[in-house]
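Participant: My questions are about this predicted structure, shown below with the sequence.
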Amino acid sequence: SIYKRRHRRVAFSKLGQTWWLNFRKRQEKNITIQPADSVVRGRTACVRTEAVDQFFRLLNSVTNTHGLRDKPHQIYSCSETSFQLGRKKNILPKSISLGCKPAPSSRDHISILACFNAAAGDIPPFIIYSKAYPGGVCYKTQGPPDALYGWSDSGCINSELFKKWFLKHFLIHAPKERPLLLLLDGHKSPVSLEVVESARKEDIILLSLPPHCSHILQPLDAGLFVVLKQHFASLTGTGCAADSHFTVSKKEFSGVFKQTYQVTKEEEGVMIVKEGFGKCGIYPLDHFVNNDVHLMPPHGLSPAAGTSLLISAQSAPSVELTATGPSS
């Protein structure tokens, strides 16, 4: 592709390893090699320019109308990420017979609903177990301070758990300043009518991201979740290497996650959270931070693909659905 862009004729069909090694050596100060994020194809197909443009117009209107443009501590974003307690394959030298890095053998699925504001202040995490709570009460005493716990069949958030989190956790730990803006993931966001009514009463604005856009618009996905999983993997891997009988089951998870979550209180974590809001253009507000590299061409967008949900405390009692794509 480099030769084609320079309109140079190539006498061979494929560049060789020698060319690649020499190219890397020549350009070592200008290029970096990083693993690409795995994004479901359906997501990229739905990330259209109109959806993102309409979201930022709406976000700009909300922040200006409610005086939130310079109040990062009142702009929150919540998102869910999961942890799989199991063994993971690892690339090792041939001289090592062990084909994978030591890790717990449990296959339990546990989700975390995290919530941070643009100033890196947090709402204590919501830990969601699959199928049932762990036995005993030690999982609560050894977990992160003030964490909330729940369970579902899938180990993921649902409307009942989200209602529990919003009414009994977010409202308690959120600052008293009003209004607050809470960004939600747009795809199948579990917002019930009771949550909407409570948000309106409490002067909290709920704004959902366009569907399938969390990988470019969700601040927590932009860095914090990667760091949390790296720290978690490091802790579990180190424990297994030191003790072959070391395991992280549902009972032990909260204790290990407490150590993992501690990074959010340190300078590194605070900077990563703030950078996440900046990378996504949420705070400081920057519509153009997501350039065309991340966006698909504008044609072919269905009206439902770019729907944003906005519930303002000052708005009418009904839920306002704003389509971010052209109608057909």
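Facilitator: Yep, that arrived. Numbering: from 1, shown residues only.
Participant: State the helix or strand in which P190 lies.
Facilitator: Assigned by DSSP states H and E, P190 falls within no helix or strand.
Participant: shouldn't it be in contact with F162?
Facilitator: Yes: under the criterion of Cβ atoms under 8 Å, P190 makes contact with F162 at 4.2 Å. C-beta here means a position set from N, CA and C on the backbone, and glycine is covered the same way.
Participant: Looking at the two, which one has more neighbours?
Facilitator: Using other Cβ atoms under 10 Å, the more surrounded residue of P190 and F162 is F162, with 22 against 18.
Participant: Give me the contacts around the strand or helix carrying that one.
Facilitator: If you go by DSSP H and E, F162 is part of helix 159-165. Defining contact as Cβ atoms under 8 Å, 6 or more residues apart in numbering, one finds that helix 159-165 is touched by L113, F126, I128, L148, G150, S152, I157, P190, V191, S192, E194, V195.
Participant: quick one: which two of those are the most distant?
Facilitator: Greatest spacing in these, by Cβ to Cβ: I128 and E194 (19.2 Å).
Participant: for the helix holding F162, which positions count as buried?
Facilitator: Buried residues in helix 159-165, counted by 16 or more other Cβ atoms under 10 Å: L161, F162, K163, K164, W165.
Participant: ok, now stretch 222-237?
Facilitator: Buried residues in stretch 222-237, counted by 16+ other Cβ under 10 Å: A222, G223, L224, F225, V227, L228, H231, F232, L235, T236, G237.
Participant: circling back to that earlier point, between I128 and E194, which is the more surrounded one?
Facilitator: Counted by other Cβ under 10 Å, I128 and E194 do not tie: I128 has more neighbours, with 24 against 12.
Participant: Helix, strand, or coil at that one?
Facilitator: At I128 the chain is in strand, as set by DSSP: H, G, I helix; E, B strand; the rest coil.
Participant: how close does it sit to V248?
Facilitator: Distance, I128 to V248, using Cβ to Cβ, to the nearest Å: 16 Å.
Participant: go on, F170?
Facilitator: According to Cβ to Cβ, F170 and V248 sit 28 Å apart.
Participant: right, and out of the buried residues of stretch 222-237, which lies closest to Q142?
Facilitator: Set against Q142, the nearest of these by Cβ to Cβ is L235 (13.7 Å).
Participant: tell me the SS of that closest one?
Facilitator: helix.
Participant: list the contacts for it?
Facilitator: Counting by Cβ under 8 Å, 6+ apart, L235 makes contact with V256, Q259, T260.
Participant: So how do I select the buried members of these in ChimeraX?
Facilitator: Selection of buried members from those for ChimeraX, criterion 16+ other Cβ under 10 Å:
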select :256,260
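Participant: Columns pLDDT and distance to D185 on top of the contacts of L235, output as CSV?
Facilitator: Shown next, in CSV, are the contacts of L235 (pLDDT from 0 to 100; distance: Cβ to Cβ, whole Å):
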residue, pLDDT, distance to D185
V256, 93, 25
Q259, 94, 26
T260, 95, 21
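Participant: Now, the contacts of L235 that are in helices?
Facilitator: Using DSSP state H, the subset of the contacts of L235 located in helices is V256, Q259, T260.
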